[in-house]
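1. need a structure here:
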Amino acid sequence: MKDQNSVLSFYRQLLAMRHKEPALLEGEYLALNEKDPNVLSYVRRYKDEAILVVLNMSATDQKVGLDLSPLGFAAPKLGVLLTSFHKPLPGMAAELPMEPYSAFIAKITK
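-> Here you go, the predicted model:
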């Protein structure tokens with residue numbers, strides 16, 4: 001219960017974020033990469049706020065394309081809110097490398 005890197009701690013942070021971020025609570029769901037059978041990725045948008053959620057549901061590393069321009073984010077900046085990654089994240093690129101069974105949640109700004 002005291003381990004900051006435990007699954008329990010991760011879920012506590014996730015639940016707290018859901019109640020703190022209006023986009024996660026009330027935002028419109030916009031699917032991304034719908035044809036990818038391994039990764040669930042979407043944006044939740046509410047008023048002037050947008051949050052990106054990427055979940056690798058597979059046991060292998062994945063690279064997720066992040067073209068957010070159709071949603072009005074031509075050159076987005078991502079502020080990481082929560083991630084389960086065990087190694088440092090690269091800078092914003094066209095693809096996000098995802099570890100097996102990992103989660104990445106970030107606030108999107110223009």
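
2. and residue 77, bridged to which residues?
-> With DSSP bridges applied, the residues forming beta bridges to residue 77 are residue 109.

3. Averaged pLDDT, the longest helix seen in the chain. What do you get?
-> Across the chain, the longest stretch assigned as helix under DSSP state H is helix 7-20. Averaging the model's pLDDT scores along helix 7-20 yields 86.

4. can you give me the helices for this structure?
-> Chain-ordered helices for the chain, with DSSP H as the definition, fall at 7-20, 22-26.

5. Looking at the ones you listed, which one is packed in the most?
-> The densest packing among those, expressed as mean neighbour count by mean count of other CB atoms under 10 Å, is seen in helix 22-26 with a mean of 15. The way it works is simple: take the backbone N, C-alpha and C, and place the C-beta from them, glycine included.

6. Can you tell me what sits against it?
-> Residues from elsewhere that reach helix 22-26 (CB atoms under 8 Å, 6 or more residues apart in numbering): 17, 18, 19, 44, 45, 46, 47, 49, 50, 51.

7. what residues are up against the nearest residue to residue 68 once chain neighbours are set aside?
-> Distances taken as CB to CB, 6 or more residues apart in numbering put residue 76 closest to residue 68, at 5.0 Å, once the chain neighbours are dropped. With contact set as CB under 8 Å, 6+ apart, residue 76 has these partners: 68, 92, 108, 109, 110.
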